[in-house]
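heads up, no residue letters with this:
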């Protein structure tokens, strides 16, 4: 069978069920990556990181005699040409969760159905497979605590699968047009699957920073304050199951504690937002959110918003977080909560403006997690309580010596 594997946010060989089935079932195959609509909205840092991850994946499959074909247009637009040129009989891909990505999947399914092309779409973007949830998605608990208790009571996490050993004969599309920037290996050592496993090895085994994760996770200056797995998880360079499996190995050798549990706790939060997104679709991205109560109208002031984006507000703690984001594409979880609260409650700007800006900038952007968290903090999601933070008090708690603020506000190098 001649098959095509559509690479999405699954840029890895280990524990990639779509790639495994593609390799096992195909005599000849082509591997393709196309820019998503969200990729076209990327800022420099996010686009560069994505390009580096795609490049790393390309080099990984090349070691197995494969070639990553790069499309210039969306996959839906490129698919007819590839099917016609190479007589493709089956398309493999990983299912996503957000409405924009799901809509593209629907278009692909409809077109393939008309052309009698077989489609194999697999679910592997979460720690817990949707089919293993103890409830149907339509009956998913609204509140995270209820979700967590139910899934923990009957927790089933599938073992990660090794990388494919046998690969199909490659089909190379001569007409494939590259859209990603050429990336030299020395510039991409912090990106891709190998970098993801190096980070996992460092955090769990070399530094054993995982033992104090719960105490340090709100830190804002040190690399090992938090796991820093999210860029790799959200690009699919690493699966949540692999993280969980490695964590359980660590616990068996060194014992479990509250911090090791808290890593799983955060992975469950990640699952919660992904399934919430799949369940509620477009509502996740609307200012009114999931509630039917009237929306409190603030102000739509572009100049105030631009100052927030640039880190030119009246608050130095907020400014430091925004400047770190603009210069690196990174921001701590504590920082994200504070800048969101400041935009929503202090500046009274639409929360969707802030969510869209972080979509451009964050190297670990994920639609379900980014928009789900903003929705949650806005009070228009699954918790209607106002999540308002006092940035001065937060700075006293999490940056007591003001070193973080001085670093990013230009006071120290």
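That came through fine. On a predicted model such as this, the values are computed, not experimentally measured, just so you know. Residues are numbered from 1 along each chain as shown.

pLDDT on stretch 172-189, on average?
When pLDDT is averaged along stretch 172-189, the result is 54.

Could you do stretch 289-304 as well?
When pLDDT is averaged over stretch 289-304, the result is 87.

contacts for it?
280, 283-284, 287-288, 347-350, 375, 378, 380-382, 384 (CB atoms under 8 Å, 6 or more residues apart in numbering). Glycine gets a C-beta too; all of them are placed from N, C-alpha and C.

Give me the buried subset of these.
For the contacts of stretch 289-304, a neighbour count by 16 or more other CB atoms under 10 Å gives the buried set as 280, 283-284, 347, 349-350, 375, 378, 380-382.

taking those residues one by one, which sit in strands?
Among those, none falls in strands (DSSP state E).

In these, find the pair that's most separated.
Pairwise distances across the buried ones among the contacts of stretch 289-304 (CB to CB) peak at 26.3 Å, for the pair 280 and 347.

so which helix or strand takes in the most centrally placed residue in the chain?
The chain has residue 234 as the residue nearest its centroid, 2.4 Å off, counting by CA atoms, centre = their mean. Using DSSP states H and E, residue 234 falls within helix 230-235.

now swap in residue 406 and tell me
Using DSSP H and E, the element containing residue 406 is helix 403-408.

Run through the neighbouring helices and strands of that helix.
helix 316-328 (3 or more CB pairs under 8 Å, 6 or more residues apart in numbering; DSSP states H and E).

got the contact list for stretch 129-148?
Counting by CB under 8 Å, 6+ apart, 123, 150-151, 153-154, 156-158, 265, 268-269, 272, 275-276, 278-279, 382-383 sit against stretch 129-148.

Farthest pair within the contacts of stretch 289-304?
Checking the contacts of stretch 289-304 against each other with CB to CB, the farthest-apart pair comes out as 280 and 347, at 26.3 Å.

which residue ranges form the helices in the stretch 101-250 of the chain?
Counting by DSSP state H, counting those that start in this stretch, the stretch 101-250 of the chain forms helices over residues 144-153, 192-201, 213-216, 230-235, 240-254, given from the N-terminal end onward.

So for residue 2, which of those sits nearest?
Of all the helices of the stretch 101-250 of the chain, helix 192-201 sits nearest to residue 2, with 26.3 Å by CB to CB.

what's the angle between that closest one and helix 240-254?
With axes from the mean of the first three to the mean of the last three CA atoms, to 10 degrees defining the directions, helix 192-201 sits at 30 degrees from helix 240-254.

Quick check: closest non-adjacent residue to residue 322.
Once its chain neighbours are removed from consideration, residue 322 has its nearest residue in residue 311; the separation is 3.6 Å (CB to CB, 6 or more residues apart in numbering).

mind giving me the domain ranges of this protein?
As given by automatic domain parsing, the domain ranges for the chain are 2-124, 126-158+193-280, 286-408.

Residue 171: which of the ones you listed is closest?
Among the domains of the chain, domain 2-124 comes nearest to residue 171, with 3.8 Å by CB to CB.

For the closest one, give the mean pLDDT please.
Domain 2-124 comes out at a mean pLDDT of 96.

that older thread, just the ones in helices from the contacts of stretch 289-304, please.
Among those, the members falling in helices (DSSP state H) are 280, 375, 378.

got a markdown table for those, with pLDDT too?
Listed next are these as a markdown table, based on pLDDT from 0 to 100:
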| residue | pLDDT |
| --- | --- |
| 280 | 97 |
| 375 | 94 |
| 378 | 92 |
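
now those in CSV, with distance to residue 27?
Written out in CSV, the entries for the ones in helices among the contacts of stretch 289-304 read as follows (distance: CB to CB, whole Å):
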residue, distance to residue 27
280, 41
375, 46
378, 51
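
on that earlier part again, measure the residue nearest to residue 322 to residue 267 for me?
With the distance defined as CB to CB, to the nearest Å, residue 311 ends up 31 Å from residue 267.

do the same with residue 256
When distances are taken as CB to CB, residue 256 and residue 267 turn out to be 15 Å apart.

And the two? Which one has more around it.
Relative neighbour count places residue 267 above the other of residue 256 and residue 267, with 22 against 13, counting by other CB atoms under 10 Å.

before we move on, the earlier item: without its sequence neighbours, what residue ends up closest to the residue nearest to the centre of the chain?
Counting by CB to CB, 6+ apart, the nearest residue to residue 234 once its immediate chain neighbours are dropped is residue 366, at 4.0 Å.

what's around the one you found, how many residues?
As a burial measure, residue 366 scores 26 neighbours (other CB under 10 Å).

Verify the stated contact: it with residue 231.
No: under the criterion of CB atoms under 8 Å, residue 366 lies out of contact with residue 231, with a separation of 9.7 Å.

got the phi/psi numbers for the closest residue to residue 154 other than its chain neighbours?
Excluding the flanking residues, the one nearest residue 154 by CB to CB, 6+ apart is residue 134, at 4.6 Å. Backbone torsions for residue 134, taken as degrees, to the nearest 10, come to phi -80, psi 20.

same check, this time on residue 7
Here is the backbone geometry of residue 7 (degrees, to the nearest 10): phi -80, psi 130.

Is there a neighbour count for residue 165? I'd like the number.
Summarising burial for residue 165: neighbours were counted as other CB under 10 Å, giving 9.

Tell me the spacing between it and residue 196.
Computed as CB to CB, the residue 165 to residue 196 distance reads 21 Å.

count of neighbours near residue 212?
The local packing of residue 212 (other CB under 10 Å) involves 16 other residues.

So it versus residue 143, what's the distance?
Here the distance between residue 212 and residue 143 works out to 29 Å (CB to CB).

Equivalent analysis for residue 59, please.
The separation that residue 59 has from residue 143, given CB to CB, amounts to 44 Å.

Cross-check the contact I'm expecting between residue 80 and residue 111.
Yes: with contact defined as CB under 8 Å, residue 80 and residue 111 form a contacting pair (7.1 Å).
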